[in-house]
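Q: attaching a predicted model along with its sequence, questions to come.
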Amino acid sequence: MRNDRLWALLTLALLILFVLATGAVARDVIAARPPETVPVPVAVAETVPLPASTDAEAVDPARLADKLDDPMAQSGIVEGLSAYVVDAETHQELYARDADEGVVPASTTKVVTAVAVLHEVGPDARIETRVVRGAAPDEVVLVGGGDPTLTENADPDRYPRLASLEELADQTAQALAEAGVTTVRLGYDDSAYTGDSLGPGWKQGYIDEGSTAAVHALMLDCGIAEVVDECGRIGLPSESKYGTRVSDPPLAAAEAFARKLEQAGVTVAGTPQAVQAPQDAEPLATASSPPISALVEKTLMDSENNVAEALARQVAIARGEEPSFEGAARAVMAVMDELGVTGVQVSDGSGLSVDTRITSRALAELLVLATDPDRPELYPTLSGLPTAYATGSLAGRYSPESGAAGGAGVIRAKTGTLNEVSALAGTIYTAQGRLLVFAFVANHPAATGSALDTLAAAVAECGC
């Protein structure tokens, strides 16, 4: 049975070498897909099937519990730990500890958001940013549609291709030239979202520390002032975890668009003004985001909070709810009901809120759904998970010195961290080559990622 594990590790190593050689992945891992030419919802995205574990020896729940006894006792967080482990293929419950207790899940909330948007909106849908004629003859309006990855400069040689102000400006300049217009006043419309721009249960310092920008339908590079690694750099190496977030994302985007219009030969009179575009406004330009599948992979891989909030609002819009924190929460929970997943009470889409409560069983059940070959639209939930000691938010964990090295390469999981909260939910290949799904969430003053890593590694190493 250990040969199965050896082959799994060898296959993973070869895959990582190939991907690095082609430059397709650095810290961000985006599943390769052929470029699409029509920026609208289309067919279900192609997926790579999970390796079957039918021939691998099933895990004995009693032996797994024995294997977890020591690391559990040594973790110091048992009193605040909710844990659940299940066989991905047979759905057999293998381990449960307070698995139906609602706990603060931190960024593992993004698993819920990912499944909800993939189920409700679909993996191939895109988010549009538009430029339209304003109410006055000499006015043009930049209209945000909720794409947080909108960036300043176009880069047609990268996948996924981001929408850019450059392409919007070029299209706008051409349309204006055909109409004989050389000077315009610029308005910007951020009205696609409603309600507060900061989530319920968010602490005051999130924006100052760079964890998130205020949530808006119009923003550039997730509201980051100096882009080094975030939204606008999907597929490129990360150099730092956060960037400084701008205080007014819509205005910052509009000011950048004014500069791009000037570069395209259009004179912009005055400064950009907040307006609401006429409902029947003449379209001048359109740019589309990467597909929802790529945005899901981004938010899971790097835990990008503004992308998660944008995805949650796409669920709200699709279900006819208000595109606000409250409307998105109602919409996401309605999707959970449709999927038959209980134990989910969300207050935001990112997991920054301390008001959210999710059970470890629910997190695991959602990941099990994503392994179902009859639900290929959910696969980006798995392909976006960081790999232990290799990619994303797990790149620096499970090192040989960590005490959890047995999980390197065989654990893929979404992380979550808040004050006194640590969470980890994902998939594990056991020593026998069996695919398991797990969720460990600790609400405890001593909660750390390393403690949960040790538990997950124990599951991976279990010769059960």
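A: Here it is on my side, so go on. Residues are numbered from 1 along each chain as shown.
Q: from here on, contacts and neighbour counts on C-alpha atoms
A: Fine.
Q: ranges for the helices of the stretch 101-250 of the chain?
A: Along the stretch 101-250 of the chain, the stretches classed as helices by DSSP state H, counting those that start in this stretch are 109-120, 165-178, 206-209, 249-263.
Q: hey, which of the ones you listed is tucked in deepest?
A: Comparing the helices of the stretch 101-250 of the chain by mean neighbour count (mean count of other CA atoms under 10 Å), helix 109-120 comes out on top with a mean of 27.
Q: per-domain residue ranges of this protein.
A: Using automatic domain parsing, the domain parsing of the chain gives 2-36+46-123+295-461, 128-290.
Q: give me the distance between the shortest one and the centre of its chain.
A: Right, domain 128-290. In terms of CA atoms, centre = their mean, to the nearest Å, the gap separating the centre of domain 128-290 from the centre of its chain is 20 Å.
Q: got it, and stretch 345-363?
A: Distance of stretch 345-363 from the chain centroid (CA atoms, centre = their mean) equals 14 Å.
Q: same question, stretch 390-408
A: How far stretch 390-408 lies from its chain's middle: 21 Å, per CA atoms, centre = their mean.
Q: can you give me the end-to-end span of that stretch?
A: 8 Å (CA to CA, to the nearest Å).
Q: just the strands in the stretch 351-464 of the chain please.
A: Along the stretch 351-464 of the chain, counting by DSSP state E, counting those that start in this stretch, strands occupy 357-358, 411-418, 421-429, 435-443.
Q: which of those sits closest to Val59?
A: Among the strands of the stretch 351-464 of the chain, strand 435-443 comes nearest to Val59, with 9.1 Å by CA to CA.
Q: other SSEs contacting that closest one?
A: Applying 3 or more CA pairs under 8 Å, 6 or more residues apart in numbering; DSSP states H and E, we find strand 435-443 packed against strand 81-87, helix 360-370, strand 421-429.
Q: distance to Ser197 and mean pLDDT added to these, as CSV?
A: Shown next, in CSV, are the helices and strands packed on strand 435-443 (distance: least, CA to CA, whole Å; pLDDT from 0 to 100):
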stretch, distance to Ser197, mean pLDDT
strand 81-87, 31, 98
helix 360-370, 27, 99
strand 421-429, 24, 98
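Q: give me whichever of these is most buried.
A: Between those, the one whose residues have the most neighbours on average, counting mean count of other CA under 10 Å, is strand 421-429 (a mean of 28).
Q: I'd like the distance from that one to the chain centre, please.
A: Strand 421-429 sits 15 Å away from the centroid of its parent chain (CA atoms, centre = their mean).
Q: could you dump it to CSV, C-alpha only?
A: Written as CSV, here are the backbone C-alpha positions of strand 421-429 (Å, rounded to 0.1, in the frame of the first residue of the first chain):
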residue,chain,number,x,y,z
VAL,A,421,-8.9,31.2,15.7
SER,A,422,-7.0,28.8,13.5
ALA,A,423,-8.6,26.7,10.9
LEU,A,424,-7.6,24.2,8.2
ALA,A,425,-9.9,22.3,5.8
GLY,A,426,-9.0,20.3,2.8
THR,A,427,-7.9,16.9,1.4
ILE,A,428,-5.3,14.3,2.5
TYR,A,429,-3.8,11.3,0.7
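Q: what's it packed up against?
A: helix 360-370, strand 411-418, strand 435-443, helix 449-461.
Q: between these, which gets nearest to Leu198?
A: Here strand 411-418 is closest among those (CA to CA), at 16.7 Å.
Q: got the angle for that closest one vs helix 109-120?
A: Between strand 411-418 and helix 109-120, the angle comes out at 120 degrees (axes from the mean of the first three to the mean of the last three CA atoms, to 10 degrees).
Q: wait, Glu309 sits on Val215?
A: Yes: taking contacts as CA atoms under 8 Å, Glu309 lies within contact range of Val215: 7.2 Å.
Q: thought Glu139 was touching Val184?
A: Yes: counting by CA under 8 Å, Glu139 does reach Val184; the two are 5.4 Å apart.
Q: distance to Arg158 added to the strands of the stretch 351-464 of the chain, as TSV?
A: Formatted as TSV, the strands of the stretch 351-464 of the chain follow (distance: least, CA to CA, whole Å):
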stretch	distance to Arg158
strand 357-358	37
strand 411-418	25
strand 421-429	28
strand 435-443	33
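Q: what's the closest of the ones you listed to Asp70?
A: That would be, of the strands of the stretch 351-464 of the chain and by CA to CA, strand 435-443, which comes in at 15.8 Å.
Q: with Ser293 as the reference, name the closest of the strands of the stretch 351-464 of the chain.
A: Closest approach to Ser293 among these (CA to CA): strand 411-418, 16.0 Å.
Q: by contact count, what packs against the closest one?
A: Contacting strand 411-418 under the criterion 3+ CA pairs under 8 Å, 6+ apart are the following elements: strand 421-429, helix 449-461.
Q: picking up where we left off before, what about Glu139 and Val184, which has more around it?
A: Shown here are Glu139 and Val184; by other CA atoms under 10 Å, Val184 has more neighbours (21 against 17).
Q: show me what the more buried one is bridged to.
A: Val268 (DSSP bridges).
Q: what are the neighbouring residues in contact with it?
A: By CA atoms under 8 Å, 6 or more residues apart in numbering, the contact set of Val184 is 138-140, 266-269.
Q: and Tyr389, by the same measure?
A: 395-399, 408-409.
Q: for Leu81, same thing?
A: With the criterion set at CA under 8 Å, 6+ apart, Leu81 makes contact with 97-98, 440-444.
Q: count of neighbours near Asp70?
A: Residues near Asp70, counting by other CA under 10 Å, number 12.
Q: so what does it have for phi and psi?
A: phi -60, psi -50 (degrees, to the nearest 10).
Q: quick check: it vs Val78, distance?
A: Distance, Asp70 to Val78, using CA to CA: 11 Å.
Q: then Val441?
A: As judged by CA to CA, Val441 and Val78 stand 10 Å apart.
Q: the more surrounded of the two?
A: Just comparing Val441 and Val78: by other CA under 10 Å the higher neighbour count belongs to Val441, 33 against 17.
Q: which residues does that one form beta bridges with?
A: Taking DSSP bridges as the rule, Val441 bridges to Ser82, Ala423.
Q: mind listing what it touches?
A: Residues near Val441 by CA under 8 Å, 6+ apart: 81-83, 103-105, 360, 421-424.
Q: any chance of those residues in JSON lines with distance to Leu162 as columns?
A: Formatted as JSON lines, the contacts of Val441 follow (distance: CA to CA, whole Å):
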{"residue": "Leu81", "distance to Leu162": "40"}
{"residue": "Ser82", "distance to Leu162": "39"}
{"residue": "Ala83", "distance to Leu162": "38"}
{"residue": "Val103", "distance to Leu162": "36"}
{"residue": "Val104", "distance to Leu162": "33"}
{"residue": "Pro105", "distance to Leu162": "30"}
{"residue": "Ser360", "distance to Leu162": "34"}
{"residue": "Val421", "distance to Leu162": "34"}
{"residue": "Ser422", "distance to Leu162": "32"}
{"residue": "Ala423", "distance to Leu162": "31"}
{"residue": "Leu424", "distance to Leu162": "30"}
